[in-house]
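Asks: Sequence plus the predicted model coming up.
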Amino acid sequence: DILIGGDGNDWIEAGTGANAVNAGDGDDTVVGGVDDDTVLGGDGDDYLFGNTGNDVLLGGDGNDYVSGQAGDDTLAGNLGTDTLVGSAAEIDESFTLDPDLLDLLDTV
């Protein structure tokens, strides 16, 4: 499925199957489905949540909260102060800083 939020503050909950979600601009909340999803947050302060699939969650510009949940997920922020949360599984802590400040807290 392809889901497009557009401008404004959106709440999007993806269903079953592989989903591609573009939340658009605004302060959006997106909850991924149970399969492999790709979610683009866009501009604004977004809350992006994966699910049990292997998800790709991209926050976009703004202060975003990005949580992978279960699965082998790829998480990314962008401009702004972002919070990236992985699951209790093995985490690959590879980061590119330009010119952001990174505080990494690893709590299991």
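Replies: Yes, it's here.
Asks: low-scoring stretches of the chain, by residue?
Replies: 88-108 (pLDDT under 70).
Asks: which residue is nearest the middle of it?
Replies: Leu57 (3.3 Å; C-alpha atoms, centre = their mean).
Asks: mind listing what that one touches?
Replies: Listed by C-beta atoms under 8 Å, 6 or more residues apart in numbering, the contact set of Leu57 reads 32, 39, 41, 48-50, 66-68, 73-76. The C-beta positions use only the backbone N, C-alpha and C, and glycine is treated the same way.
Asks: how about 7 Å then?
Replies: Contact partners of Leu57, counting by C-beta atoms under 7 Å, 6 or more residues apart in numbering, are Val39, Leu48, Gly50, Val66, Gly68, Asp73, Leu75.
Asks: what's the answer for Val56, then?
Replies: Residues in contact with Val56 (C-beta under 7 Å, 6+ apart) are Thr38, Thr74.
Asks: For Asn9, see how far away it is.
Replies: The gap separating Val56 from Asn9 is 22 Å, by C-beta to C-beta, to the nearest Å.
Asks: now Asp37
Replies: Distance from Asp37 to Asn9, counting by C-beta to C-beta: 20 Å.
Asks: now Leu75
Replies: Remark: distance between Leu75 and Asn9 (C-beta to C-beta) = 22 Å.
Asks: neighbour-wise, which of the two wins?
Replies: Using other C-beta atoms under 10 Å, the more surrounded residue of Leu75 and Asn9 is Leu75, with 21 against 15.
Asks: if we can go back for a sec, what kind of secondary structure is the residue nearest to the centre of the chain in?
Replies: Here Leu57 is strand, with the state taken from DSSP: H, G, I helix; E, B strand; the rest coil.
Asks: who's it bridged to?
Replies: Leu57 has these beta-bridge partners by DSSP bridges: Val39, Leu75.
Asks: OK, contacts around Asp46?
Replies: By C-beta under 7 Å, 6+ apart, the residues touching Asp46 are Ala23, Asp27, Asp28, Gly59, Gly60, Gly62, Asp64.
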